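In: 3D model of this:
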Amino acid sequence: MAAVSETIVREYFELHGFFVRQQRKFISRARRDPGDDEIDFLVLNPLAEPRPEPLPFVLASANLHAVARALVVVKGWHTDTFGPGVLANAPEIFRALEPSVFKQASRLFGSDARLSRLLVMPALPSTDEARRQSIEMLRAKGVDAVIPFRTMLADLIEQIDINRNYQKSDLLQIIRILKNYEFFRGPQLELFRTRRHPPKQP
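Out: Next comes the predicted model:
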């Protein structure tokens, strides 16, 4: 699952013009893989556009143009919501953001580079109070912003052209095939689709 999640993240950033470097491609035989303590990706936006106001904590694709450089941590726990309980009881979420790990990874960008620390995750809680608590906990641990997987997948699906052959990317090719066979439908079309009523029983 980790490889699939990382592929989604890589394709998403590359789609938006980022240069993407993966920190590590091997898996340790240790019981707890030391690689879990590392940044997953380093991303660089060569066409970044600075903005005076700070970025929102939950990023949308429209915000990416203002991200110049970032360290990206991927947590593909797709059946979980990152509420206060999960965050409090899963310290491994934050190991890659500890000062020693952050300092080591940031050297690749230079000591003067301003880096954003992004966490890619399934979802935040839907209720206001739990969502607020989660955001406060994430910020306290050094997270600058989060990007939900839903945002990434929705953007990839929207951008894929069924008339193009994405043979160099298994993920994009699968999305193209599913889209060609209408397994993905635009949300705006669903709003106007007539609901079918079951036939009346005689």
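In: Check which helices and strands the host helix or strand of Ala130 sits against.
Out: Following DSSP states H and E, one finds Ala130 within helix 128-140. Applying 3 or more CB pairs under 8 Å, 6 or more residues apart in numbering; DSSP states H and E, one finds that helix 128-140 makes contact with helix 84-88. All C-beta atoms are positioned from the backbone trio N, CA, C, and that covers glycine.
In: Show me which positions of the helix it packs on end up buried.
Out: Neighbour-count burial for helix 84-88, with 16 or more other CB atoms under 10 Å as criterion, is recorded at 84, 86-87.
In: who's in contact with the residue nearest to the spatial centre of the chain?
Out: Geometric centre of the chain, nearest residue: Val120, 3.5 Å, by CA atoms, centre = their mean. Counting by CB atoms under 8 Å, 6 or more residues apart in numbering, Val120 touches 5, 9, 72-76, 146-149, 152.
In: same deal with Gly142?
Out: Gly142 makes contacts with 94, 97, 102, 117, as judged by CB under 8 Å, 6+ apart.
In: And the residues you listed, which of them are buried?
Out: Looks like the contacts of Gly142 have 94, 97, 117 buried, using 16+ other CB under 10 Å.
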